[in-house]
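In: model this:
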Amino acid sequence: MGSLHKLTLVLLFCLVASGRAEYAKYKDPKQPVSVRVKDLLSRMTLAEKIGQMTQIERENATADVLAKYFIGSVLSGGGSVPAPQASAEAWAAMVNGMQKGALSTRLGIPIIYGIDAVHGHNNVYKATIFPHNVGLGATRDPDLVKRIGAATALEVRATGIPYVFAPCIAVCRDPRWGRCYESYSEDPKVVQSMTSLISGLQGDVPATSVGRPYVGGSKKVAACAKHYVGDGGTYMGINENNTIIDQHGLMTIHMPPYYNSIIRGVSTVMVSYSSWNGVKMHANHFLVTDFLKNKLKFRGFVISDWEGIDRITTPPHANYSYSIEAGIGAGIDMIMVPFRYTEFIDDLTTQVNNKVIPMSRIDDAVYRILRVKFTMGLFENPYADPSLAGELGKQEHRELAREAVRKSLVLLKNGKSAYSPLLPLPKKAGKILVAGSHADNLGFQCGGWTITWQGQGGNDNVTAGTTILSAIKSTVDPSTQVVYSESPDATVLGDKYDYAIVVVGEPPYAETFGDNLNLTIPEPGPSVIQSVCKTVKCVVVLISGRPLVVEPYIGAMDAFVAAWLPGTEGQGVADVLFGDYGFSGKLSRTWFKSVDQLPMNVGDKHYDPLFPFGFGLTTQPRK
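Out: Okay, the predicted model is just below:
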């Protein structure tokens, strides 16, 4: 009996010990985040650590690949979708499938899936597309932008995605830059105020956590402040070029929005392709590590741009080992390697084993990545919440986008004299003319980064939304005859009209494809303006991502409205044209006379614009 009793005690002790061995602090949500991170990090192999630093493109992200290489993150590039016009449920199923692969590994570390949601959930069919940032800057309404962030977070979570590459907090100093519409303003103060988007996306950071990465639950998403730093100040606005400015200028013009972003608890910062005084930002140890991480105490993780470390060399990828050493040595924690991930993993592994890159740098990177994943609750809630599917394109969000359109419109001219305003337009009229390439074109209205990377023209297979022409037709009195001609000929113009609405502008573009040294309105826009406005009283609505050269035509216009890139809710344009709401927008950018004046920004010594920064006429709502 005694021997049996002893054996029983030994077995019980083994069971208890076994139970204790199975307990892992990192799996316990009651433990502080720092404790969980340290515990998990202590259990990880080098392969598992390097996997966490690797972000690959959706096309490659099978469950097997994620498990084999311990991949830490997946992204959708512009236009990268599970299927054309995929539903929220299809997106969520795709992300869940990838997540299962990640969770099947020894330690079960979830992936963080990221996407460019830069004006709403813009990769996804039927999502609400909000005005691009250039228009939101004109609203001067940080609370509106915060509400847009909250709505965007819900639509992104509806598809099972917990991380967005937004906001862009570039301070665009030259409208020739193809990404200028992604910038809220040329004025850092305006951009600083619009970091309220981060609070909408992530939630309001608690007073005890100011400055730390924060995501307030499963209906919020991790945000990304980009592109660090000076991307909006490149020479002649050339994308990915060199920003030539002294340190004082960099710190007072381009850096301030990052201060606000960190205070708001932004989870990640994306590094810019551009250079500062000849040093590539992806290789800039002083700005990434010494300043951002050490001086500003940024505690989230730093992510590269798409193949950003490849572009440290010219041509890109010419000396990949050097680029990896330089990029990670500069302080980049997660590397966006959409396709060459095995080469990256192998090379980085060799460099760590050979002590070219110290293990301390790897541990710092992985610590930061895990901190964000624990903070946002990914370990407890790694999968999509199916109850959120209905948030995609929700009517409440479309009404918010419509409000944003109304507030973003800037009235630059109203009448040939102050005593004869044309706007607001009467809803009841005999016959009105609507003309121009952008009046009935949802793709043009939304701009780049809409469904595809570069955007697209037309109404078919773009997304759900309301064109400006449709909005006009639904707003005017039923007795008003609306005649639409994209480019009206003499016969059309021979009729008698009470007034005309001409809607013209730029075609969609993104990044380098939008770099433009001329900034003229593309034909047939100018021809339509001139032919229509010399025949009938006209208001010209310009759809563009930036100010364009308008001085040759503005004399012919009776009224002129900058509508920027308004997105899917064209009804917001009609709301203001016809006086249901008044014009209130103010220029967030200086409107130049000619490109010879560029760069020209508010506060410059020689400042002679067509319309100054902050300009915008107002109207009262029609009673």
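In: Leaving out the residues flanking it, which one is nearest to Gly514?
Out: Spatial nearest neighbour of Gly514, excluding adjacent residues (C-beta to C-beta, 6 or more residues apart in numbering): Gly178 at 2.6 Å. Heads up, the C-betas are built off the backbone N, CA and C, glycines and all.
In: Which pLDDT value goes with the one you found?
Out: On pLDDT, Gly178 comes in at 99.
In: In contact with the spatially most central residue of the chain, which residues?
Out: Geometric centre of the chain, nearest residue: Val118, 2.3 Å, by C-alpha atoms, centre = their mean. By C-beta atoms under 8 Å, 6 or more residues apart in numbering, the contact set of Val118 is 132-133, 165-168, 182, 449.
In: For Gln597, see how far away it is.
Out: Separation of Val118 from Gln597 (C-beta to C-beta, to the nearest Å) stands at 29 Å.
In: Equivalent analysis for Ile554, please.
Out: From Ile554 to Gln597 the distance is 16 Å (C-beta to C-beta).
In: how close does Gly217 get to Ala90?
Out: Taking C-beta to C-beta, one finds Gly217 at 24 Å from Ala90.
In: Between the two, point out the one with more neighbours.
Out: Comparing Gly217 with Ala90 by other C-beta atoms under 10 Å, the one with more neighbours is Ala90, at 17 against 12.
In: wouldn't Arg140 be in contact with Gly616 here?
Out: No: if you go by C-beta atoms under 8 Å, Arg140 and Gly616 don't touch, sitting 9.4 Å apart.
In: Show me whatever sits in contact with both of these two.
Out: Joint contacts of Arg140 and Gly616 (C-beta under 8 Å, 6+ apart) are 585-586.
In: Comparing these two, which shows the higher neighbour count?
Out: Remark: of Arg140 and Gly616, Arg140 carries more neighbours, 21 against 18, as counted by other C-beta under 10 Å.
In: Make a ChimeraX selection of the buried ones in the contacts of Val118.
Out: Of the contacts of Val118, the buried ones can be selected in ChimeraX as follows, counting by 16 or more other C-beta atoms under 10 Å:
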select :132,133,165,166,167,168,182,449
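In: Which of the contacts of Val118 fall in helices?
Out: Asn133 (DSSP state H).
In: In TSV: the contacts of Val118, plus pLDDT and distance to Tyr273.
Out: Converted to TSV, the contacts of Val118 look like this (pLDDT from 0 to 100; distance: C-beta to C-beta, whole Å):
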residue	pLDDT	distance to Tyr273
His132	99	20
Asn133	99	18
Phe165	99	14
Ala166	99	17
Pro167	99	17
Cys168	99	13
Glu182	99	13
Trp449	98	16
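In: In TSV: the contacts of Val118, plus distance to Asp440.
Out: Below are the contacts of Val118 laid out as TSV (distance: C-beta to C-beta, whole Å):
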residue	distance to Asp440
His132	20
Asn133	25
Phe165	31
Ala166	29
Pro167	30
Cys168	29
Glu182	26
Trp449	21
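In: from the contacts of Val118, which single one is nearest Val266?
Out: The closest of the contacts of Val118 to Val266 turns out to be Pro167 (C-beta to C-beta; 9.0 Å).
In: Is it correct that the closest one is in contact with Ser199?
Out: No: in this structure, Pro167 is not within contact of Ser199 by C-beta under 8 Å, at 10.8 Å.
In: list the residues that contact both of these two?
Out: Residues touching both Pro167 and Ser199 (C-beta under 8 Å, 6+ apart): Gly149.
In: Flag the shaky bits of the protein, pLDDT-wise.
Out: For the chain, residues meeting the criterion pLDDT under 70 lie at 1-21.
In: Spell out which residues sit in contact with the residue lying closest to Gly545 once chain neighbours are set aside, please.
Out: Leaving out its chain neighbours, the residue that sits closest to Gly545 by C-beta to C-beta, 6+ apart is Tyr181, at 3.0 Å. Counting by C-beta under 8 Å, 6+ apart, Tyr181 touches 132-134, 447-448, 514, 545-546, 564-565.
In: How much space separates Gly211 from Phe374?
Out: 17 Å.
In: More neighbours: those two, which one.
Out: Using other C-beta under 10 Å as the criterion, Gly211 and Phe374 rank with Phe374 on top: 22 against 15.
In: Phi first, then psi, for Glu403.
Out: Torsion angles at Glu403 (phi, psi; degrees, to the nearest 10) stand at phi -60, psi -40.
In: can you tell me how far it sits from Ala471?
Out: Glu403 sits 14 Å away from Ala471, going by C-beta to C-beta.
In: returning to what we had before: between all of the contacts of Val118, which two are separated the most?
Out: Top of the distance list for the contacts of Val118 (C-beta to C-beta): His132 and Phe165, 14.7 Å.
In: Buried residues, stretch 464-476. List them.
Out: Buried, per 16+ other C-beta under 10 Å, within stretch 464-476: 465-473, 475-476.
In: Helix, strand, or coil at Val561?
Out: strand (DSSP: H, G, I helix; E, B strand; the rest coil).
In: Secondary structure element for the closest residue to it other than its chain neighbours, which one?
Out: The shortest distance from Val561 to any non-neighbouring residue, by C-beta to C-beta, 6+ apart, is to Val541 (4.8 Å). Using DSSP states H and E, Val541 sits within strand 538-543.
In: So in that sheet, which strands flank that strand, and in what orientation?
Out: Take DSSP bridges as the rule and strand 538-543 pairs in its sheet with strand 499-505 (parallel), strand 559-564 (parallel).
In: Can you tell me which of these is nearest to Asp310?
Out: strand 559-564 (33.0 Å).
In: then that closest one to PDB, C-alphas only?
Out: Extracted in PDB, the C-alpha atoms of strand 559-564 (Å, rounded to 0.1, in the frame of the first residue of the first chain):
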ATOM      1  CA  ALA A 559     -18.400  80.300 -61.300                       C
ATOM      2  CA  PHE A 560     -15.600  78.000 -60.500                       C
ATOM      3  CA  VAL A 561     -15.600  75.100 -57.900                       C
ATOM      4  CA  ALA A 562     -12.600  73.000 -56.900                       C
ATOM      5  CA  ALA A 563     -14.100  69.600 -56.000                       C
ATOM      6  CA  TRP A 564     -10.800  67.700 -55.700                       C
END
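In: can you give me how far stretch 348-356 is from the chain middle?
Out: How far stretch 348-356 lies from its chain's middle: 35 Å, per C-alpha atoms, centre = their mean, to the nearest Å.
In: do the same with stretch 455-474
Out: The answer for stretch 455-474 is 22 Å, by C-alpha atoms, centre = their mean.
In: again with stretch 391-405
Out: Taking mean C-alpha positions (C-alpha atoms, centre = their mean), stretch 391-405 and its chain are 17 Å apart.
In: I would like the residues contacting that stretch, please.
Out: Residues outside stretch 391-405 that contact it (C-beta under 8 Å, 6+ apart) are 88, 120-121, 124, 126-131, 135-136, 139, 144, 147-148, 151, 154-155, 157-159, 464, 563, 566-573, 575.
In: Tally up the residues packed near the closest residue in space to Met557 that isn't next to it in sequence, please.
Out: Excluding the flanking residues, the one nearest Met557 by C-beta to C-beta, 6+ apart is Val540, at 4.8 Å. Residues within reach of Val540, counting by other C-beta under 10 Å, total 30.
In: Pairing partners for Val540 in the sheet, please.
Out: With DSSP bridges as the criterion, Val540 is bridged to Val502, Phe560.
In: right, and Trp177 touches Tyr235 too?
Out: No: between Trp177 and Tyr235 there is no contact under C-beta under 8 Å: 10.2 Å.
In: Name the residue in those two with the higher neighbour count.
Out: Neighbour comparison, Trp177 and Tyr235: the larger count goes to Trp177, with 29 against 13 (by other C-beta under 10 Å).
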